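K.L.:
Next come a sequence and a model predicted from it.
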Amino acid sequence: MNRARTARTTRTYDRSGAPRRSRGGGRPQTAPRGEFALPRTVTPALPAVESFAELTMPARLLAALGREGVTVPFPIQAATLPNSLAGRDVLGRGRTGSGKTLAFGLAVLARTAGRRAEPRQPLALVLVPTRELAQQVTDALTPYARSVGLRSVAVVGGMSIGRQAGALRAGAEVVVATPGRLKDLIDRGDCRLDDVAVTVLDEADQMTDMGFLPQVTALLDQVRPEGQRMLFSATLDRNVDLLVRRYLTDPVVHSVDPPAGAVTTMEHHVLHVHDADKHRTTTEIAARDGRVIMFLDTKHAVDRLTRDLLHSGVRAAALHGGKSQPQRTRTLTQFKNGHVTVLVATNVAARGIHVDNLDLVVNVDPPSDHKDYLHRGGRTARAGESGSVITLVTPGQRRAMSRLMASAGITPRITPVRSGDTELGRITGAQDPPGVPVVITAPIAERPRRASSSPRGRRGRTGQGRPVGEAPRRRAQRQPAVAPAA
């Protein structure tokens, strides 16, 4: 696989990875709001296409697109695919839901098709920041990978490392991985990146925000140096700048959204609430018809609100980093199929979760910075659909929220509300909760575990020490109905 290269620019770097000099002289232009100036493309980009049929892809891949009902490319796909299929590096800025997965995924599969990976030596790598995003990318690409005979594997923490090592030993052409687990497998000798010719960094800004930058650079240093690299990110800050300038050569640049990531199909509302009325307001919003994601800052706050909503008759489930990966996967499945209508989450759900027809996101706790706000809000108004982002703001939070919205480049609609208000119902669909406690059962059975007296043998049990989904044997009168760990 030879890269299509012309007018290659030579760069040198200091030990931190920052560029020392660049051809053409001068310092990069400073961009507003903490974002760097997009690099200039030396080689002209190929023109965008209007249909997938115009692209040079395997016929079986095009046929798979038709079977999946994917007929018209999204803007980021139409613009980047002609160039990525030709072997060019790509820098794409776009919020989640803009079609980035197929934008890089189709290029990865088309350029890898026809090759066979040796044991432990994948041919293509997609790095993502979270387990949920890794699974979503893998699921999205699987039908297309199968159509061209490629094997893919998700490599993430919280799941059996032995099973993932076995898949790599058997040979997998495409690996979708979180940095930490991939490093573990490399350290064990179960994976090598010498043959990786196509590398993708998805949600690069979150990887750097989560402290993965040293791991990411260490992994990128192990792939083929002449290989193709694609980087996609919702925002482009200084840490992403380092990755772009160090690892991308003459990239084709495409930006779907403005730097702040504002989306015209999304409404932004700030609801001024009183501290004493915030919980009741939250409960009424949760009782609306239709699904909603509610974001809070801490795991304990998520668990507490979930218990309260269940006791009020709202079908809610919790999602945060304290849950095991099987529990998190089951909860997302319940939310997507409608068994659960309210997903109460920490920022673990702010990236990489796609749910069709989700029209409302609620920040019960306002986010700490504008990037968190944009990524939380990115769960709605996806793929051109409409949606609303609601943020509940108490008097002491108003000034900070004003600054955050200004940084995000958003002018929200501000409305004072109280629980039971007609205006609250008009904006959010809020209504009185049923008031009858509910128990969310698990429709997806987990694998049985061997009995063990050790703490390790009691994984997958609720806080009361019983198996998931089993009714409590004691204190049933004194405890509200709660969902099993999900």
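P.N.:
Sure, I can see it.

K.L.:
would you say Ala154 is within a strand?
P.N.:
Yes - Ala154: assigned to a strand according to DSSP: H, G, I helix; E, B strand; the rest coil.

K.L.:
what's the closest non-adjacent residue to it?
P.N.:
Among residues not flanking Ala154 along the chain, Thr138 sits closest, at 4.2 Å (C-beta to C-beta, 6 or more residues apart in numbering). Backbone N, C-alpha and C define where each C-beta goes, glycine included.

K.L.:
check contacts around that neighbour.
P.N.:
The contact partners of Thr138, by C-beta atoms under 8 Å, 6 or more residues apart in numbering, come to Ser152, Val153, Ala154, Val176.

K.L.:
pretty sure the first one contacts Ala172?
P.N.:
Think Ser152. Yes - under the criterion of C-beta atoms under 8 Å, Ser152 makes contact with Ala172 at 6.2 Å.

K.L.:
All the strands of the stretch 301-450 of the chain, in order from the start?
P.N.:
Along the stretch 301-450 of the chain, counting by DSSP state E, counting those that start in this stretch, strands occupy 316-319, 342-345, 360-363, 387-393, 413-416.

K.L.:
how about the ones you listed in CSV, adding distance to Gly189 and mean neighbour count?
P.N.:
Converted to CSV, the strands of the stretch 301-450 of the chain look like this (distance: least, C-beta to C-beta, whole Å; neighbours: other C-beta atoms under 10 Å):
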stretch, distance to Gly189, mean neighbour count
strand 316-319, 34, 28
strand 342-345, 36, 28
strand 360-363, 43, 24
strand 387-393, 46, 23
strand 413-416, 56, 14
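
K.L.:
quick revisit: by neighbours, which of the contacts of Thr138 wins?
P.N.:
Val176 (30 neighbours; other C-beta atoms under 10 Å).

K.L.:
secondary structure class for that one?
P.N.:
strand.

K.L.:
From Leu343, how far off is it?
P.N.:
23 Å (C-beta to C-beta, to the nearest Å).

K.L.:
Also Lys323?
P.N.:
12 Å.

K.L.:
what is in contact with these two at once?
P.N.:
With C-beta under 8 Å, 6+ apart, Lys323 and Leu343 have common neighbours Thr331.

K.L.:
Could you double-check that Gly171 lies in contact with Ser152?
P.N.:
No - assessed by C-beta under 8 Å, Gly171 is found out of contact with Ser152, at 11.2 Å.

K.L.:
Wait, Asp250 touches Asn83, no?
P.N.:
No - Asp250 sits out of contact with Asn83 when judged by C-beta under 8 Å, with a separation of 10.5 Å.

K.L.:
ok, those two, which is more surrounded?
P.N.:
Just comparing Asp250 and Asn83: by other C-beta under 10 Å the higher neighbour count belongs to Asn83, 25 against 16.

K.L.:
So for that one, what's the nearest residue that isn't a sequence neighbour?
P.N.:
Nearest non-adjacent residue to Asn83, counting by C-beta to C-beta, 6+ apart: Val252, 4.2 Å away.

K.L.:
Kindly report the same for Gln206.
P.N.:
Pro129 (4.3 Å).

K.L.:
cool, and Met230?
P.N.:
Once flanking residues are discounted, Met230 sits nearest to Val90: 4.3 Å by C-beta to C-beta, 6+ apart.

K.L.:
How about Arg413?
P.N.:
His269 (5.1 Å).

K.L.:
and the strands of the stretch 301-450 of the chain as CSV, adding distance to Ala145 and mean pLDDT?
P.N.:
Output for the strands of the stretch 301-450 of the chain, formatted as CSV (distance: least, C-beta to C-beta, whole Å; pLDDT from 0 to 100):
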stretch, distance to Ala145, mean pLDDT
strand 316-319, 27, 94
strand 342-345, 29, 94
strand 360-363, 31, 93
strand 387-393, 30, 92
strand 413-416, 44, 95
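
K.L.:
need the ones you listed in CSV with distance to Arg115, can you?
P.N.:
Formatted as CSV, the strands of the stretch 301-450 of the chain follow (distance: least, C-beta to C-beta, whole Å):
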stretch, distance to Arg115
strand 316-319, 37
strand 342-345, 39
strand 360-363, 41
strand 387-393, 40
strand 413-416, 53
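
K.L.:
Quick one: closest of those strands to Pro44.
P.N.:
Among the strands of the stretch 301-450 of the chain, the nearest to Pro44 by C-beta to C-beta is strand 387-393 (36.4 Å).

K.L.:
for the closest one, packing partners?
P.N.:
With contacts defined as 3 or more C-beta pairs under 8 Å, 6 or more residues apart in numbering; DSSP states H and E, strand 387-393 has these neighbours: strand 266-272, helix 278-286, strand 360-363, helix 370-377, helix 422-428.

K.L.:
The second one: which residues count as buried?
P.N.:
Think helix 278-286. Lys278, Arg280, Thr281, Thr282, Thr283, Glu284, Ile285, Ala286 (16 or more other C-beta atoms under 10 Å).

K.L.:
which outside residues touch the next helix or strand after that helix?
P.N.:
Remark: after helix 278-286, the chain's next helix or strand is strand 292-295, criterion DSSP states H and E. By C-beta under 8 Å, 6+ apart, the surrounding residues in contact with strand 292-295 are 282, 285-286, 305, 341-347, 349-350, 355, 358, 360-365, 367, 376, 379-380.

K.L.:
what lines up beside strand 292-295 in the sheet?
P.N.:
In the sheet, strand 292-295 lines up against strand 342-345 (parallel), strand 360-363 (parallel) (DSSP bridges).

K.L.:
residues making contact with the last one?
P.N.:
In other words, strand 360-363. 282, 285, 288, 290-295, 373, 376-377, 379-380, 387-392, 428-429.

K.L.:
can you tell me the average pLDDT over stretch 189-208?
P.N.:
Mean pLDDT, stretch 189-208: 94.

K.L.:
CA atoms of it as CSV?
P.N.:
Extracted in CSV, the C-alpha atoms of stretch 189-208 (Å, rounded to 0.1, in the frame of the first residue of the first chain):
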residue,chain,number,x,y,z
GLY,A,189,3.4,-9.3,23.5
ASP,A,190,-0.1,-9.9,22.1
CYS,A,191,0.0,-7.1,19.6
ARG,A,192,2.5,-5.3,17.4
LEU,A,193,1.9,-2.2,15.3
ASP,A,194,4.7,-2.5,12.8
ASP,A,195,2.2,-3.4,10.0
VAL,A,196,-0.3,-0.7,10.7
ALA,A,197,-0.5,1.3,7.5
VAL,A,198,-3.7,3.3,8.2
THR,A,199,-4.2,5.0,11.6
VAL,A,200,-7.2,7.0,12.8
LEU,A,201,-7.6,9.2,15.9
ASP,A,202,-11.2,9.8,16.6
GLU,A,203,-12.3,12.3,19.2
ALA,A,204,-8.7,13.4,19.5
ASP,A,205,-9.6,16.4,21.7
GLN,A,206,-11.1,14.1,24.4
MET,A,207,-8.2,11.8,24.3
THR,A,208,-5.9,14.7,25.1
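
K.L.:
ok, now which ones touch the closest residue to Leu106 other than its chain neighbours?
P.N.:
Distance criterion C-beta to C-beta, 6+ apart; nearest residue to Leu106, sequence neighbours excluded, is Leu81 at 6.2 Å. By C-beta under 8 Å, 6+ apart, the contact set of Leu81 is Val49, Leu55, Pro73, Ala103, Leu106, Ala107.

K.L.:
Touching, the second one and Pro82? I think so.
P.N.:
Read that as Leu55. Yes - taking contacts as C-beta under 8 Å, Leu55 lies within contact range of Pro82: 6.6 Å.

K.L.:
Great, nothing more from me.
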